[in-house]
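Visitor: What would the 3D arrangement of this be:
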Amino acid sequence: MINSKTKYEATHEEIRELFDHHKVGKVADITPLGNGEFNAAYKVTCDDGNCYALKIAPPDDARVLTYEKNMMESEVLWYSKMHENTDILCPKVYVADYSKSIIKSNCFIMQMMEGEPLWAVNFSDHEYENVQKQKIGMLAKIHRITNDKYGYIQSGLHDTWYDALRSMAGNLVSDCKALGHETPDGEKFISFIDKHAEILREVPCRMVNFDLWDSNVLYKDGKICWIDPERGFWGDPVADFIALGSGQKAPLSSKLKELEIYNETADEKIVLSEETEIRYQIAVCLLALIEEVEKYVRYEPEEDNYIRNTKDAREMYDMAFNILSR
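Guide: Numbering: from 1, shown residues only. Okay, here's the model as predicted:
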């Protein structure tokens, strides 16, 4: 597991008591699970042979960003939304425990899904292309799920995408200052939100994952499974194209193939235009600001991930500011 300042270190006694309390089963084996950088996760095998995944939020005294508070409850909701509204393969949640009576943090027990993350599979070019098509198809499915309010469920919802973004960016800038750092780029991002307010007020409200990287998709026997949707929000579906194709450091105009695949099955087509590029670059700025600020609560300056976040955020800001300034 990746080291992170936010991870809760559960004892085996806590995990055994949790499974016994909820009558899931008698625990036989516990193994750390996954490469996540925020929550702790464990594979728990019971004496009847059934395996489960246990996910634990950061402890109450961990420093987390404003939007990350109570984010685990949001993740459970997103899983339920996918099960209720789509045929997307994703884990079933069996127990959600927010009492903190046994494990002293929010946690849930879910179905243990088989497979390897996409980045770890040695695909042929044809196989990888097929898998990416499946990923894009999953986005088209969640974008059919609508709401009348925008933003993070755990932070409070807003009437328009403009208002939600203003709040989301403002919270991140405030978090940064509370951590003892200034963010001129974050302030500049807010000025671009205001500049393009008219466009942002007209954006449709959809379920957005905002984190569909290959590390959050498992593969087995030709099928893919979606995990870790906790960073989702209600907002602009264009934002989900950041994790597709050439990634977050390239403009939407470089993702014509991905747009074409998406539009084959999407109820609402996304047409490349100056307006959609602006919406996309605003989302890139949001991700850049998240990466810029989160490094202060997760890593030490000499760590590779701190350096990675700094570099990624700089490159995203530079691309987005160049386009948004036109």
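
Visitor: Pretty sure residue 253 sits against residue 272.
Guide: Yes: at 6.1 Å, residue 253 counts as touching residue 272 under the criterion of Cβ atoms under 8 Å. C-beta coordinates here come from the backbone N, C-alpha and C atoms, glycine included.

Visitor: Could you confirm residue 114 falls within a strand?
Guide: No: assessed with DSSP: H, G, I helix; E, B strand; the rest coil, residue 114 is coil; it does not lie in a strand.

Visitor: Skipping adjacent residues, who's closest to it in space?
Guide: Nearest in space to residue 114, with sequence neighbours left out and distances taken as Cβ to Cβ, 6 or more residues apart in numbering, is residue 220 at 5.0 Å.

Visitor: List the residues that contact the one you found.
Guide: Each residue near residue 220 by Cβ atoms under 8 Å, 6 or more residues apart in numbering is listed here: 114, 115, 116.

Visitor: In TSV: these, plus distance to residue 18.
Guide: TSV is the format used below for the contacts of residue 220 (distance: Cβ to Cβ, whole Å):
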residue	distance to residue 18
114	23
115	25
116	27
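
Visitor: If you rank the residues you listed by neighbours, which is first?
Guide: Most neighbours among the contacts of residue 220, by other Cβ atoms under 10 Å: residue 115, with 17 neighbours.

Visitor: which phi and psi does the nearest residue to residue 48 once chain neighbours are set aside have?
Guide: Of all residues not flanking residue 48 in the chain, residue 25 sits nearest, at 5.8 Å (Cβ to Cβ, 6+ apart). Main-chain torsions, residue 25, degrees, to the nearest 10: phi 160, psi 170.

Visitor: just residue 226 next, same as before
Guide: Backbone torsions of residue 226, given as degrees, to the nearest 10, read phi -100, psi 130.

Visitor: re the thing from before, and the contacts of residue 220, which is closest to residue 143?
Guide: Nearest to residue 143 among the contacts of residue 220: residue 115, at 24.0 Å, using Cβ to Cβ.

Visitor: that older thread, what's the distance between the residue nearest to residue 48 and residue 210?
Guide: 34 Å (Cβ to Cβ, to the nearest Å).

Visitor: what does residue 84 give?
Guide: In terms of Cβ to Cβ, residue 84 sits 20 Å off from residue 210.

Visitor: one step back: now do the contacts for the residue nearest to residue 48.
Guide: Contacts for residue 25 (Cβ under 8 Å, 6+ apart) come out as 19, 46, 47, 48, 50, 52.

Visitor: Sort out for me which of the residues you listed are in helices.
Guide: Under the assignment DSSP state H, the contacts of residue 25 contribute residue 19 to helices.

Visitor: As TSV, the contacts of residue 25 with pLDDT, neighbour count and distance to residue 205 would be great.
Guide: Putting those into TSV (pLDDT from 0 to 100; neighbours: other Cβ atoms under 10 Å; distance: Cβ to Cβ, whole Å) gives the following:
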residue	pLDDT	neighbour count	distance to residue 205
19	98	21	38
46	97	15	41
47	96	10	46
48	95	8	43
50	96	13	39
52	98	20	34
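
Visitor: Quick check: the farthest pair among the contacts of residue 25?
Guide: Farthest pair in those (Cβ to Cβ) is 47 and 52. Separation: 12.5 Å.

Visitor: Neighbour count for residue 84 and residue 210, which is higher?
Guide: More neighbours surround residue 210 than the other of residue 84 and residue 210, with 18 against 8 (other Cβ under 10 Å).

Visitor: got a list of what the more buried one touches?
Guide: Residue 210 touches 231, 232, 233, 239, 240, 242, 243, 283, 287, counting by Cβ under 8 Å, 6+ apart.
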